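Trainee: predicted model and sequence below, questions to follow.
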Amino acid sequence: MRAAALAGAACLAALTAFACGRAEQPAGSERTRPAASSDDERVLPGPAHFPAPAASAASNSGSAPQRLTLTYDKTEHPKPIVGTSVEVTAEGLPPNKTVNLDWGTVEGGWVIEDYFHFRGKKYAEVTRTLSQATVDARGRLDTRFAIPEDFGGVHEVFVRDGSTTLAQGGVEVAQTFELSPKEGPVGTTIELRVKGLGWRTMESTWVVNWDNQQAGYVTAAGTKGSAVARFRATGPAGDHTINVLTGYMGQGYLNHEQAPNAYLPVPQFAFRVTPGRAATPAFYAEPYQRQPVPASTGAGGAAAKITPTQGPVNTKASLDVTGLPANTPVSLVWGSYEGNRVSGNGFEPIDRELTKVTTTADGRLSMPVSIPDDLGGRHSVSVRSGDRTLATTYFVVETTIVSMTPSSGPAGTPVTIHLKGVGWTEYDNIYVATYDNAYMGYACGFNTGGDVVIHFTAAGTPGVHLIDFYPGIYQGPDGGQQLYRLPQLTYADDHPGNRIPALRFSFEVTPSRATPPTFTGNTR
């Protein structure tokens with residue numbers, strides 16, 4: 001394993017000195033070619049994964065590029081991080097030539113197909129121009145650039161004149177982790193800000209442990225290596241340990257020093273829980289981000305608009321449609337899905353007629369619409385005449401908390417949480433629960449039309465205990481990362497598909513103890 005890490009370091013050195021194996025690129029500031037999916041790339045040789053050095057690199061003249069030397073101040077960080085100022089020098093270049101300084105990276109992230117299929121991660125290699133510089137009369141280039149906010153790992157840096165690569169080098173960008181705040185009462189929202197997470201499988205995922213219990217995982221797959229993980233302070237007053245472990249399969253890797261990716265950091269933080277509790281309700285949903293919806297479609301110039309375009313079940317919306325046939329009876333139809341992924345019977349799209357109405361003499365339709373009690377996520381709202389669809393618009397149903405009962409009681413108290421509008425896609429069909437930052441389980445919403453009721457038993461010493469529901473991924477491509485049905489702490493930035501929020505609950509355990517129920521195995 002150590003040899004693998006050394007092999008990666010050797011490749012980085014070869015890249016810097018010998019223009020490690022890149023072919024000539026077309027003119028322009030950006031190139032694109034297929035790259036391996038991080039779900040397909042299982043084992044990497046240390047921090048770099050490049051082809052062997054080639055005798056000839058990207059030069060129209062056929063000569064190998066010059067060595068590009070990259071230096072930076074190592075006083076604060078032994079490896080460069082996002083924002084580090086890097087000095088760039090090269091010799092033997094065409095005198096007085098204005099050149100581009102190009103940065104090699106990847107574009108891509110989570111892949112969603114047909115709105116509901118989660119297909120893992122895909123990336124393609126690209127090159128971007130960072131700046132322009134001028135070679136001096138002696139053929140020497142001396143310039144600087146700041147490491148852009150991007151994925152961590154090895155990046156190629158090129159000096160180019162049009163499509164000709166004149167010099168080439170490489171730099172390895174390290175990860176950074178910052179925790180804020182450092183103290184607060186139970187219920188305080190803690191942010192772990194990460195930058196420079198890699199896109200390759202073994203550099204892409206970290207796991208947060210709170211007092212040696214897994215709270216969830218951290219990714220930045222679709223956000224170029226930067227994201228914010230959010231979780232809450234819990235436990236008795238005093239210091240609590242937060243370990244951030246590498247864990248590309250979704251579980252923390254404990255013997256990190258012996259791992260093939262031992263070159264990656266293992267951050268550790270302390271958070272001090274102070275007396276009292278944060279001023280938050282007993283339960284609340286974090287604000288929903290605006291969800292994108294397709295443009296309205298219509299026959300013969302018809303157009304539909306619903307206002308608002310998202311909200312919880314029973315939202316009172318307004319529908320306005322123009323360009324319809326005059327004085328024509330039509331149906332207002334709600335589109336959804338029905339079924340599940342467990343029974344073997346599958347699922348299918350369904351239509352529900354909400355009402356019948358007649359268009360005006362000028363072919364308009366303006367009416368209130370009460371959003372049905374249904375699955376979370378995107379739904380179609382269509383105007384139909386018989387079997388013909390005249391116009392369609394879209395509405396996104398948000399998940400909401402109906403109730404948590406009770407919100408206090410002794411240890412052993414049965415607790416029920418009721419939700420509406422839980423989703424059905426492979427990436428928002430579930431919420432994953434933690435109890436005091438320890439994984440508890442997950443709940444699905446598809447089979448019951450988004451109506452979810454969860455039962456659990458209050459536990460722990462007297463005081464406030466936290467129950468947090470995080471977005472998860474119900475399933476993904478076979479052979480992919482085992483991140484499914486685990487809490488994603490970077491849900492607000494990097495969850496695939498819909499950006500659904502966390503749901504927050506607190507339960508106060510009182511000093512007396514509940515009468516324990518009689519358990520006889522099955523509870524039904």
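Mentor: Right, received. Where do you want to start? Keep in mind that this is a model prediction, so the values were computed, not measured. Numbering: from 1, shown residues only.

Trainee: for the stretch 301-450 of the chain, what spans make up the helices?
Mentor: Counting by DSSP state H, counting those that start in this stretch, no segments of the stretch 301-450 of the chain form helices.

Trainee: report how many residues lie close to Thr400.
Mentor: Thr400 has 20 neighbouring residues, counting by other C-beta atoms under 10 Å. Glycine gets a C-beta too; all of them are placed from N, C-alpha and C.

Trainee: how near is it to Val422?
Mentor: 10 Å (C-beta to C-beta, to the nearest Å).

Trainee: which regions of the chain lie under the pLDDT threshold?
Mentor: For the chain, applying pLDDT under 70 flags the ranges 1-62, 479-481, 513-524.

Trainee: could you pick out the longest strand of it?
Mentor: For the chain, the strand with the greatest residue count under DSSP state E is strand 117-134.

Trainee: need the next SSE after that one, C-terminal direction.
Mentor: Using DSSP states H and E, the helix or strand that directly follows strand 117-134 along the chain is strand 141-146.

Trainee: list the helices and strands the helix or strand just after that next one packs on?
Mentor: As assigned by DSSP H and E, the chain's next helix or strand after strand 141-146 is strand 153-161. Strand 153-161 sits against helix 2-18, strand 85-90, strand 98-113, strand 117-134, strand 164-173, with contacts defined as 3 or more C-beta pairs under 8 Å, 6 or more residues apart in numbering; DSSP states H and E.

Trainee: now strand 153-161: how far from the chain's centre is it?
Mentor: A distance of 27 Å separates the centroid of the chain from that of strand 153-161, by C-alpha atoms, centre = their mean, to the nearest Å.

Trainee: for Arg290, which three-state class applies?
Mentor: Put simply, Arg290 is coil when judged by DSSP: H, G, I helix; E, B strand; the rest coil.

Trainee: swap in the one 4 residues further on?
Mentor: Taking three-state DSSP as the rule, one finds Pro294 in the coil state.

Trainee: list the contacts for the spatially closest residue to it that is not a sequence neighbour?
Mentor: Of all residues not flanking Pro294 in the chain, Tyr394 sits nearest, at 5.7 Å (C-beta to C-beta, 6 or more residues apart in numbering). Residues in contact with Tyr394 (C-beta atoms under 8 Å, 6 or more residues apart in numbering) are Val293, Pro294, Ser296, Ile306, Thr309, Arg378, His379, Ser380, Val381.

Trainee: the first one against Thr307, yeah?
Mentor: Pointing back at Val293 there. No. The pair Val293 and Thr307 does not pass the contact test of C-beta atoms under 8 Å, sitting 11.9 Å apart.

Trainee: out of those two, which sits in the busier spot?
Mentor: Val293 (16 against 11).

Trainee: thinking again about what came up before, any idea which of the contacts of Tyr394 is closest to Gln251?
Mentor: Arg378 (32.2 Å; C-beta to C-beta).

Trainee: ok, the closest one - contacts?
Mentor: So Arg378 contacts Tyr115, Gln291, Val293, Tyr394, Phe395, Val396, Asn498 (C-beta under 8 Å, 6+ apart).

Trainee: now His465
Mentor: Neighbours of His465 in contact, by C-beta under 8 Å, 6+ apart: Thr234, Tyr435, Asp436, Ala458, Ala459, Ser506, Phe507, Glu508, Val509.

Trainee: top of those by neighbour count?
Mentor: Top of those by neighbour count (other C-beta under 10 Å): Thr234, with 29 neighbours.
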